[in-house]
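[1] my questions concern the predicted model and sequence given below.
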Amino acid sequence: MAINKDKNSYTIIFAIIMVVVVGSLLAFAAEGLKSNINENKRIEKQQNILYALGINENDESSAVFVSKDVVAESFAKNVTKQVVIQGANATEDPEAYLIDVKKEKSLAKDDSYQRRLPLFISETSTGTYYVAPIRGKGLWDAIWGYVALDKDMVIKGVYFDHKGETPGLGANIKQRFFMDDFSGEHLNDEAGNFTGVAVAKGNNDPKNERKTDNRVDAIAGSTITGNGVTAMIKDELKLYIPYFKTLKNN
Amino acid sequence: MGLLSKKDAKLIMDPLLDDNPITIQVLGICSALAITAELEASIVMAVSVMFVLGVGNVVISLMRNVIPSKIRIIVQLVVVATLVIIVDLVLKAFAYELSKTLSVFVGLIITNCIIMGRFEAFALANKPWRSFLDGIGNSFGYGLILIIVGFFRELLGSGTLLGIKVLGDPIELTGVYAYGYENNGFMLLSPMALIIVGLIIWVQRSKNKTLIEDE
Amino acid sequence: MEHLELFFKSIFIDNMVFATFLGMCSYLAVSKKVTTAVGLGAAVIFVLAVTVPLNWLLDHYILQPDALVWLDGNSETPKLSAYYGYDLSFLSFILFIATIATMVQLVEIIVEKFSPSLYNSLGIFLPLIAVNCAILGGSLFMQSREIETLGLALNYGVSSGIGWFLAIVAIAAIREKIRYSNVPAPLRGLGITFIITGLMAIGFMSFGGMLTTDGNKEEAAVEVTETKTEVLQEGKTESTQIVEVSKITKE
């Protein structure tokens, strides 16, 4: 070819073309697909909240959400009230589930900021439950989830998810054999003090029959992810204690 | 193989054993260790790498005459990253469930040195069709090791294969567990993957003595 | 204190090679001799020390959601900014990689120009580093672990580099010595290196007990005291309802 590929000018021009092409390609893809992706994320949030409440289409052993077609309807029926807790105030907000927990968490590092805590309340014939979103860190990246509680802070159900935990190990926090263990666990110890639920090794309770021990069985080979789950439950849910105290007093 | 000439067939067959990317070329080790605790994850990873390496090799091969040598590494990395990110975005928009399963692998694919290694060693100097075959062949060889390691780690570590309890239930004590068998939880930890790969190398090189290194 | 903790944590507990298995390819391929291992290790420390803080800046001022608000001077009141609401985080992979590849090639050019002797000892390793996943891993960990300040990012880069350096020098020293041992022929070279690395990683796991957070300490203490009551309860749980057991212990 006639062009001298080693010339600096050629290299620079090539780099510029490359940047423009790749940049516009990515920006185009990201922008063009944004509405679809956001819609999917919104549906997923609703599905997760419903899952924590025990509304799902689980088969024998795997976790299955309610299908996309009925999720909006089911969400409207089962999540009867959404509140945002900020300090001592709890205000109703029908779009509380769209609050970005990650953003709130990072804003709250600044002490002057009062973190907005969303809480989803389900008042149906089966009882009244409160679902709180939680977020923390696993081995590789972020982990998050939703915990459904009754007014005594006993867990009704949970849903966990992760961004990039090790497949086959830490990634198993979103498997039923792990999540199911949390149902019925008490967040308070026997004296009524908040302790959370620890993901513990050597628990000697593989069938998880002791619900009041504040512990569930860990997944073999994923200690750090398990510790992340323990910390996430403890650190995030303790922020809701004042609200649950006022519930009790009323 | 009527479709492929002898030379082309060699491109596919060689990386399976005698020029295996993991055990001979020492490429793509990180991911081989990270995701082989489960057979299913190994298979998913193998298929994803096959896609990225096949397509990436063709793209790089098409561009091979215009890439300035000074910045070729950046160009290669950018091409593979763009490819993976676009696929990830499209999946997120149209097949959300699938993308949830695959999103974990995105980072691992971009940083997988098998991809850079083949770009540099083959696609930069060969025509698109041959580069494509090279990509497919190498990802087969890579996938083969992943699947062997995943098979042993899942079977011995959790007593399951593809999530199915083939050895019985360890909690209800059925199957072999009734006779006092226990899962070896150690198999689930990454160091065991290293040791299994070491053993595979041992087997492979005892079969084919020409591969033995003399130090 | 924060710095010291991060420093030791990244070298020993979260060692790039033994805990997260990053940068394995060059680790296995370039560890036949201690001198070359030292060269590559030093280059990795250097590149990590440059790219992690650089990518931290990129992450904080360009990529994160609403990070662009400083552009029109509204960083105190982000909502007023014309750049509020932009989220460029989908670009993070590609920008991090580009920074790394650019830095590696820049470093190569600069070192070649000003210190030919250093270039001769480092030179051949620099292109290898661009494809070393430990480098990208460093930047991605920095992002996902939400490291808060530029100083900590620099610390993180340097210390994880030192951890990688230690690992490769250690394995190279072992490989130099193992040449005098009677290793089965098919295992010689790569095979035995894999197995030794596995054993070393198992050894490094024991560092996991260092520097545990307060939460874990509390938990350990509880475990000791609880084992006794657990044994007592064991027989009862099988026959009686769980609720009853908790009542008994309460009384």
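    In hand now; what should we look at?

[2] partner strands of the lengthiest strand in chain A and their direction?
    Using DSSP state E, we find that the single longest strand of chain A is strand A:127-137. Using DSSP bridges, the strands paired with strand A:127-137 are strand A:117-124 (antiparallel), strand A:142-149 (antiparallel).

[3] so of those strands, which one's packed in deepest?
    Sort the strands paired with strand A:127-137 by mean neighbour count, taking mean count of other Cβ atoms under 10 Å in any protein chain shown, and strand A:142-149 sits at the top with a mean of 23. Bear in mind the C-beta positions are built from the backbone N, C-alpha and C, glycine included.

[4] do the lengthiest helix in chain A and chain B meet at all?
    Secondary structure of chain A per DSSP state H: the longest helix is helix A:8-52. Yes: judged by Cβ under 8 Å from any Cβ of the partner chain, helix A:8-52 and chain B are in contact via A:10-11, A:14-15, A:18, A:22, A:25-26, A:29-30, A:33, A:36-37, A:40, A:43-44.

[5] and the furthest pair within the residues you listed?
    With Cβ to Cβ as the measure, no two of the residues of helix A:8-52 next to chain B lie farther apart than A:Tyr10 and A:Ile43, at 48.5 Å.

[6] centre of the chain to the lengthiest helix in chain B, how far?
    For chain B, the longest helix by residue count, based on DSSP H, is helix B:128-158. Here helix B:128-158 is found 4 Å from its chain centre; the criterion is Cα atoms, centre = their mean, to the nearest Å.

[7] quick check: residues of the stretch 151-251 of chain C near chain B?
    By the rule Cβ under 8 Å from any Cβ, the part of the stretch 151-251 of chain C lying against chain B is C:179, C:184-195, C:197-199, C:201-202, C:205.

[8] in the longest strand of chain A, what's buried?
    Buried residues in strand A:127-137, defined by neighbour count with 16 or more other Cβ atoms under 10 Å in any protein chain shown: A:Tyr129, A:Tyr130, A:Val131, A:Ala132, A:Pro133, A:Ile134, A:Arg135, A:Gly136, A:Lys137.

[9] chain C: which of those is nearest?
    A:Lys137 (6.7 Å; Cβ to the nearest Cβ).

[10] tell me the pLDDT of the closest one.
    Looking at A:Lys137, its pLDDT is 85.

[11] wait, what's in contact with the nearest residue to it once chain neighbours are set aside?
    In space, and not counting its chain neighbours, A:Lys137 is closest to A:Gly228: 5.4 Å by Cβ to Cβ, 6 or more residues apart in numbering or on different chains. Shown in contact with A:Gly228 (Cβ atoms under 8 Å, 6 or more residues apart in numbering or on different chains): A:Gly136, A:Lys137, A:Gly138, A:Leu139, A:Ile143.

[12] report the central residue of chain A.
    Central residue of chain A (Cα atoms, centre = their mean): A:Gly145, 2.1 Å from the mean position.

[13] so that one makes contact with A:Leu237?
    No: using Cβ atoms under 8 Å, A:Gly145 is not in contact with A:Leu237, being 10.7 Å away.

[14] kindly report the residues of chain A close to chain C.
    Taking Cβ under 8 Å from any Cβ as the measure of proximity, chain A contacts chain C at A:22, A:26, A:30, A:100, A:103, A:106, A:109, A:137, A:140-142, A:163-164, A:190, A:198, A:200, A:202, A:204, A:209-213, A:223, A:227, A:230-231, A:234.

[15] check chain C for its longest helix and report it.
    Under DSSP H, chain C gives helix C:150-178 as its longest helix.

[16] which residues are contacting the helix or strand following that helix?
    Sequence order places helix C:190-205 as the next helix or strand after helix C:150-178, per DSSP states H and E. Residues from elsewhere that reach helix C:190-205 (Cβ under 8 Å, 6+ apart): B:23, B:26, B:189-195, B:197-199, B:201-202, B:205, B:213, C:12, C:15, C:17-19, C:21, C:27-28, C:31, C:167, C:170-171, C:174-175, C:178, C:183, C:187.

[17] check contacts around the residue nearest to B:Tyr96 when sequence neighbours are not counted.
    Using Cβ to Cβ, 6+ apart and skipping the chain neighbours, the partner closest in space to B:Tyr96 is A:Asn40 (4.2 Å). A:Asn40 is in contact with B:Lys92, B:Ala93, B:Tyr96, counting by Cβ under 8 Å, 6+ apart.

[18] among those, which are located in helices?
    Using DSSP H, the subset of these located in helices is B:Lys92, B:Ala93, B:Tyr96.

[19] which stretches of the chain have low pLDDT?
    Here I'm looking at chain A. A:1-6, A:60, A:202-208, A:250 (pLDDT under 70).

[20] wait, I meant chain C there
    Those would be C:73-82, C:85, C:118, C:121-128, C:130-131, C:208-251, if you go by pLDDT under 70 across chain C.

[21] which stretches of it form helices?
    Going by DSSP H, chain C shows helices at C:2-8, C:24-29, C:34-58, C:92-114, C:116-122, C:126-130, C:133-144, C:150-178, C:190-205, C:214-239, C:242-250.

[22] any chance of the strands paired with strand A:127-137 in JSON lines with distance to A:Phe178 as columns?
    Formatted as JSON lines, these follow (distance: least, Cβ to Cβ, whole Å):
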{"stretch": "strand A:117-124", "distance to A:Phe178": "22"}
{"stretch": "strand A:142-149", "distance to A:Phe178": "11"}
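
[23] out of these, nearest to C:Val107?
    Closest among the strands paired with strand A:127-137, using Cβ to Cβ: strand A:142-149, at 31.9 Å.
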